[in-house]
Structures are given as C-alpha cells and as structure tokens.
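K.L.:
no sequence for this one, just the structure:
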C-alpha cells in the first residue's frame, strides 16, 4: 500500500490527522498513484489509529449562499501543477479550509486557476467540489512572471470584479490545506509567512520551514524579515505591488508611509514596514526567490504581517523540487519559538 507521509515531531491535532488520512486514502484508492509519489514512501510518525474521520463530500454551495456582504475575495491559484490526482484533492481542501470560511464571513469568493495546462476532464472533476470562475493556461519562466500573468489575465477578464474585491488570496495548486485560514484578514498589510525573521514569537505555521535549527532565525539584524512566496493575503491597495513586475517604484498609488493600522497594533512583533533600503539594512533578506520578492515589496514600502497558514505540499512532479521530495512537514500550532 502506498502512503504519503508528513512527519511531525510534536502533537498533531485531530483535524490535521483527519486531513492526512483523507490524503493517504486518496493515494490508496488511486486518486494519488504510486508513480506520482515516485515510489517514495514517507512514514507518518505516531500513525493515526482509531480515528473517526468525517468528510464533507457535498457539492459546493457558493452559488446559493446568501452573500450579504458585497466585498469579494479573489482566490488566485497559481503554479505549474497539472496532475489531476493532485489538483482534485488539493482543490477540495481549498474549498473546505479557504473558500467556505470566507463565505461564512459573508464574502463573495471567486476562484481562478492559472496553470500550464488542464484537461476538460480535470476541470469537471474539480468543479464537483469548488466553483471555478475561470482557468488560464500558459507557460512562464519563473514563479513571479507566472503570478504577474495570472493577475493581469484575471483583472482584464473580470474588470467588474475589481470594483468589489477587497483581498486577493494567492495560493498554489499543489497545497493540501489542513486547517481553516486565519480570520479576520489584515486590512493594511500583506499577510504571508517568513523565510527568515529576526524577531517575534512564531510557530512552524508562520514559517517556510518547521521550527528548529534551520533558516528561520538567521536574520540576525534586528527588525529584519525575508518573506515567503508560497501564499499571501493581499489587500487590494497592495495588489499591484505584490503581483506586478513592471511598476515604477516611485508610484504614488500605494499607501506609502501610512501610519494607520486598523487591525493590528503597530508594535506587534510580526508586523513589518519594509523600506526602500531593505537590502542594505537586512542583507540576510536578499537571497533566493524569497529575497527577490522581499526587495520588490520593500521598493514600494509595503507593510507585511507574518501570519500562520497550515498546509502541506503534494509530492513534486518527477525531476523537480528535490528539496521536498521526501514530503513536507505537518505544521503544529504549538511549537512556539522566539527569534
């Protein structure tokens, strides 16, 4: 029997275990195949035993949901993933842990998928679980060009959406969500995880990597952060700064230098105001793709709020992403560490 595994060195919640069982069952029943996993078996520590799993397998209800709030969240699912046996179960968890909680808060939710390719059969299977506003298929040289193109296509195809949207939620198509997203969203800052951080009490859900002797606390310079690029909640005023690559950094369309922060106290240790000299102030925050994103946001003096997101990534496509070939970690919400 083929089983996906995601190791956890600490207590794993019943909700997390249930989600893992669903993912493992998807493999054993053929939804995720052995050749997809690449004949790799990763063991789950403290295997689930005597767990009663309740799964909502009903059709999406957003078409009939009473949406009293006219504000909209536009979910942009962006990536290279095209395997049906990854997309379907991952999009199902997106519906359960992202779309449904937003609808409960009476937001309109529109979902757009931007991938290299998708068959009509795959789309039909996905739409059994989640309403998809549109699918865009194209190739891009890197993740940031891919996100820029997705944002452009979505906003150009649905100009009326821009009058309603309050947040853009950026995710990947190979994310298996384990818990509901954190609400309410921050009104003035981009919510994302950290690759490196110099201050703050954080858990593995706030970080690119699990808490431990790795990268997360290596921004030794006080007040520095390097953001993660996998997931983000982007308030509409910051959308161009986050998604677009061809902006003039002296643009005045962004809330530059704003001191008003509606939801979170300015002194919160996970809230950062990036500045145009970030590369000089924080040399620890300039490496890799995450450093590229951090410096681009810094050029627009963006506010970023390091926030928890609980998901794991599906096994990578053969020959790619060797860094996660053995699976990704289940992210506990109680493994606090102060950087």
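P.N.:
On my side now, so go ahead. Predicted, not measured: the structure shown is a model, and the values here were computed from it. Numbers count the residues shown, from 1 in each chain.

K.L.:
so what's residue 279 up against?
P.N.:
Contacts for residue 279 (CB atoms under 8 Å, 6 or more residues apart in numbering) come out as 285, 286, 295, 298. Backbone N, C-alpha and C define where each C-beta goes, glycine included.

K.L.:
Identify the residue nearest residue 133 in space, chain neighbours excluded?
P.N.:
Excluding its sequence neighbours, the residue lying closest to residue 133 (CB to CB, 6 or more residues apart in numbering) is residue 110, at 4.4 Å.

K.L.:
Among the contacts of residue 279, which lie within helices?
P.N.:
The helices, defined by DSSP state H, take in 295, 298 from the contacts of residue 279.

K.L.:
now, among the contacts of residue 279, which is nearest to residue 183?
P.N.:
Among the contacts of residue 279, residue 298 lies closest to residue 183 (CB to CB), at 27.1 Å.

K.L.:
I'd assumed residue 275 was in contact with that closest one.
P.N.:
Yes: Residue 298 lies in contact with residue 275 (CB atoms under 8 Å); the separation is 6.1 Å.

K.L.:
okay, the two: which has more neighbours?
P.N.:
Counted by other CB atoms under 10 Å, residue 298 and residue 275 do not tie: residue 298 has more neighbours, with 24 against 16.

K.L.:
Next secondary structure after the helix or strand bottoming out on mean pLDDT in the chain?
P.N.:
Using mean pLDDT, DSSP states H and E, helix 34-37 stands out as the lowest-scoring helix or strand of the chain, at a mean of 34. Remark: after helix 34-37, the chain's next helix or strand is strand 72-78, criterion DSSP states H and E.

K.L.:
List the strands paired with that following strand, with their directions.
P.N.:
With DSSP bridges as the test, strand 72-78 is paired with strand 108-115 (parallel), strand 165-171 (parallel).

K.L.:
tell me the average confidence for the last one?
P.N.:
Translated: strand 165-171. The pLDDT scores in strand 165-171 average 97.

K.L.:
same question, stretch 287-303
P.N.:
Average pLDDT, stretch 287-303: 93.

K.L.:
got the contact list for that stretch?
P.N.:
Taking CB under 8 Å, 6+ apart as the rule, stretch 287-303 contacts 142-144, 188-190, 195, 208, 225-229, 238, 241-242, 245, 247, 249, 251, 254, 256-258, 261, 271-279, 285-286, 304.

K.L.:
So which of these sit within helices?
P.N.:
Of the contacts of stretch 287-303, the ones assigned to helices by DSSP H are 143, 144, 241, 242, 278, 279.

K.L.:
contacting residues for the closest residue to the fourth one other than its chain neighbours?
P.N.:
Just to be clear, that refers to residue 242. Nearest residue to residue 242, sequence neighbours excluded (CB to CB, 6+ apart): residue 234, at 4.7 Å. Contacts for residue 234 were tallied using CB under 8 Å, 6+ apart; they are 167, 168, 169, 170, 190, 242, 243.

K.L.:
Surely residue 234 forms part of a helix?
P.N.:
No: membership of residue 234 in a helix is not supported by DSSP: H, G, I helix; E, B strand; the rest coil, which gives strand.

K.L.:
What residues are bridge-paired with it?
P.N.:
Assessed by DSSP bridges, residue 234 has beta-bridge partners residue 168.

K.L.:
re earlier: tell me the buried residues within the ones in helices among the contacts of stretch 287-303.
P.N.:
143, 144, 241, 242, 278 (16 or more other CB atoms under 10 Å).

K.L.:
Next one, pLDDT for the third one please.
P.N.:
At residue 241 the predicted local confidence, pLDDT, stands at 94.

K.L.:
Give me the distance between the residue nearest to it when sequence neighbours are not counted and residue 170.
P.N.:
Spatially, and ignoring its direct neighbours in sequence, residue 241 is nearest to residue 300 (4.1 Å; CB to CB, 6+ apart). Going from residue 300 to residue 170 by CB to CB, to the nearest Å gives 16 Å.

K.L.:
go on, residue 243?
P.N.:
Distance from residue 243 to residue 170, by CB to CB: 8 Å.

K.L.:
got the domain boundaries for this structure?
P.N.:
What automatic domain parsing lists as the domains of the chain is 1-53, 71-181, 187-308+325-339.

K.L.:
Lowest average pLDDT across these?
P.N.:
The bottom spot among these, by mean pLDDT, belongs to domain 1-53, with a mean of 37.

K.L.:
so where do the strands sit in the stretch 101-250 of the chain?
P.N.:
With DSSP state E, counting those that start in this stretch as the criterion, the stretch 101-250 of the chain has strands at 108-115, 134-137, 165-171, 175-177, 190-197, 201-202, 225-235.
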